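Attaching a predicted model along with its sequence, questions to come.
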Amino acid sequence: MIELKLQKSLRSGDQEMLLDLDISIKKGEFVTFYGESGSGKTSTLRLISGLVEGDSGTIFVDNDCWWDMNAKINLKPAKRKIGYVFQDYALFPNMTAYENLEFALPKYQDKAIIDELIAIMDLKDILNLKPDMLSGGQKQRVALARALVSKPKILLLDEPLSALDNIMRLKLQDYLIKIHHKYHLTTILVSHDVGEIIKLSQKVFEFQKGKIIRSGNPKEIFTHGKTSAKFQFTGEVIEIFHEKVIGIISVLIGQDIVKVVCDLSELEEFKVGDKVMVGSKAFNPIIQKI
Amino acid sequence: MNQVEGQISGIQSSDHMSLVFLDLGNGIEFQSILLDTQESAHYLQKGNRVNILFKETELVLSKEKEINISLENQILASITEIKKGEILTRIRLKTVIGDLVALISTTSSNNMSLKVKEPILAMVKFNEVILSPL
């Protein structure tokens, strides 16, 4: 259980903002921080990891105090058992993939973990390559493996997949699910991709100007109250057509594009880039063996 | 999408399915079949208010008012606007439960020679009706 009760004043652009949090994350949970840029998501990861300190408050993890402003307790980042993965990979460019993993191994720790991660993350064929020889997806797999070498209990992922194309993204999401379960991690992801959030996380915290404005089950949060529709997906509007008496909206769902007919009166509600829920009754779709 | 508010007036369930009876006010009753039961969807309680959703394309229109037909949900309407496209025609309807929109083929619209102010029976099958708890 991670319990964060803290305040920190932040600068976002030319604006002063107070990050004011009171959240708890259960052990083994996969949660997502969602919200506009500059709302405090990355700062919260940095506070948890110990890279920055709050102005007041406490951080408790499994009832151990990691940080307490008044009691002057501040556990060093290296002691916090955290794996941190960034959007830009942050691999050492002068080292091979294998050397990057080896470098992260704490002194006297068994090397077996490296071999295990190489197998899980399918890194065998790229071990001797340096980062500039690797694709974005490969680099991020190495970065993920490297974050896990020290056997962390908490994995912090700051938009790790947002620089990747859609197919690579979906693959990496499966790796994230795999390692989350395999290593019994508590994982905190920062993401803007609603489909990704629903696929990966059990809980979402929505940030706005330094505060949590909503939290809960991602599907319920993003579909704004449930409907009885059983054939339900979330995606992004990529094209809108006005066809005489109807509207046709193309929606990207995962790697697939679906089209939905809507009434003219609904057309103005939507614009390209909107996150949407597409729903139909379970009675409508046909099913065929392929 | 057409959207009207109503109240759950009855629920008949089997293992995985429910037939939900809905009171839309003014003596209008609708039915919706769902792959849900009171265990899987807690909002399914008699007396709860819900939004009732159905697509414009699922509305069937008839000039005859008394027909023996397997369309569970029926409501009398009067046409307030007809907008013709090459293939589809959009018809606005006024009913006691509010305004509805129907999209039918222009061929059907022509064959039925539909006109504004004309009374009409609008129908929608029970498996096309989606519920959304309020």
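Arrived safely, thanks for sending.

Any idea how many residues pack against residue 121?
Unless you meant another one, I'm taking chain A. A total of 24 residues lie near A:Met121 under the criterion other CB atoms under 10 Å in any protein chain shown. The way it works is simple: take the backbone N, C-alpha and C, and place the C-beta from them, glycine included.

wrong one, I was asking about chain B
B:Leu121 has 18 neighbours, counted by other CB under 10 Å.

how about the nearest residue to the residue of chain A found nearest chain B, chain neighbours excluded?
Residue nearest to chain B within chain A: A:Lys244 (3.5 Å; CB to the nearest CB). Closest residue to A:Lys244 apart from its sequence neighbours, by CB to CB, 6 or more residues apart in numbering or on different chains: B:Gly85 at 3.5 Å.

so who does that neighbour touch?
B:Gly85 makes contact with A:243-246, B:106, according to CB atoms under 8 Å, 6 or more residues apart in numbering or on different chains.

A:Ala282 too?
A:Ala282 makes contacts with A:229-231, B:35, as judged by CB under 8 Å, 6+ apart.

One more pass at 7 Å, please.
By CB atoms under 7 Å, 6 or more residues apart in numbering or on different chains, the contact set of A:Ala282 is A:230-231, B:35.

Against B:Ile130, how distant is the residue of chain A closest to chain B?
According to CB to CB, to the nearest Å, A:Lys244 stands 26 Å off from B:Ile130.

The two: which is more packed in?
B:Ile130 (22 against 15).

if I've got this straight, B:Ala122 is in a strand?
Yes. Looking at B:Ala122 with DSSP: H, G, I helix; E, B strand; the rest coil, it is inside a strand.

and it, what pLDDT?
Residue-level confidence at B:Ala122 comes out at 97, pLDDT.

quick one: it and B:Gly98 touch, right?
No. In terms of CB atoms under 7 Å, B:Ala122 does not count as a neighbour of B:Gly98; the distance is 11.9 Å.

the more surrounded of those two?
Legend: neighbour count by other CB under 10 Å for B:Ala122 and B:Gly98, higher for B:Ala122 (21 against 13).

count of neighbours near B:Ser62?
15.

who's it bridged to?
Counting by DSSP bridges, B:Ser62 is bridged to B:Leu121.

That one contacts B:Leu121, correct?
Yes. At 4.5 Å, B:Ser62 counts as touching B:Leu121 under the criterion of CB under 7 Å.

Run the chain-centre distance for stretch B:53-60.
7 Å (CA atoms, centre = their mean, to the nearest Å).

List the buried residues of that stretch.
Neighbour counts over stretch B:53-60 (16 or more other CB atoms under 10 Å in any protein chain shown) mark B:53-56, B:58-60 as buried.

In strands, which of the residues you listed appear?
Members of these lying in strands (criterion: DSSP state E): B:53-54, B:60.

closest to chain A among those?
Closest approach to chain A among these (CB to the nearest CB): B:Leu53, at 6.9 Å.

Excluding covalently adjacent residues, which one is nearest to the closest one?
B:Ile130 (4.3 Å).

cool, and B:Lys125?
Closest to B:Lys125 by CB to CB, 6+ apart is B:Leu71, at 5.4 Å.

What is the neighbour count of the one you found?
Neighbour tally, B:Leu71, other CB under 10 Å: 16.

quick one, what contacts it?
B:60, B:123-125.

ok, so of those, who is nearest chain A?
B:Lys125 (9.0 Å).

Quick one: end-to-end distance for stretch A:264-281.
22 Å (CA to CA, to the nearest Å).

I'd like the average pLDDT over that stretch.
For stretch A:264-281, mean pLDDT is 89.

contacting residues around that stretch?
Contacts with stretch A:264-281, where a contact means CB under 7 Å, 6+ apart, come from A:194, A:222-223, A:227, A:229-240, A:242, A:245-247, A:249, A:251, A:253, A:258, A:260, B:1, B:90, B:127-128, B:130.

Can you give the distance from that stretch to the centre of its chain?
On CA atoms, centre = their mean, the centre of stretch A:264-281 falls 25 Å from that of its chain.

Name the residues of it that are buried.
For stretch A:264-281, the neighbour count (16+ other CB under 10 Å) marks A:264, A:270, A:276-281 as buried.

which sections of chain B are below the confidence cut-off?
Within chain B, no range satisfies pLDDT under 70.

go on, the stretch 101-250 of chain A?
Using pLDDT under 70, the flagged stretches of the stretch 101-250 of chain A are A:223-226.

quick one: the helices in it?
A:112-120, A:136-148, A:166-182, A:194-200, A:218-222 (DSSP state H, counting those that start in this stretch).
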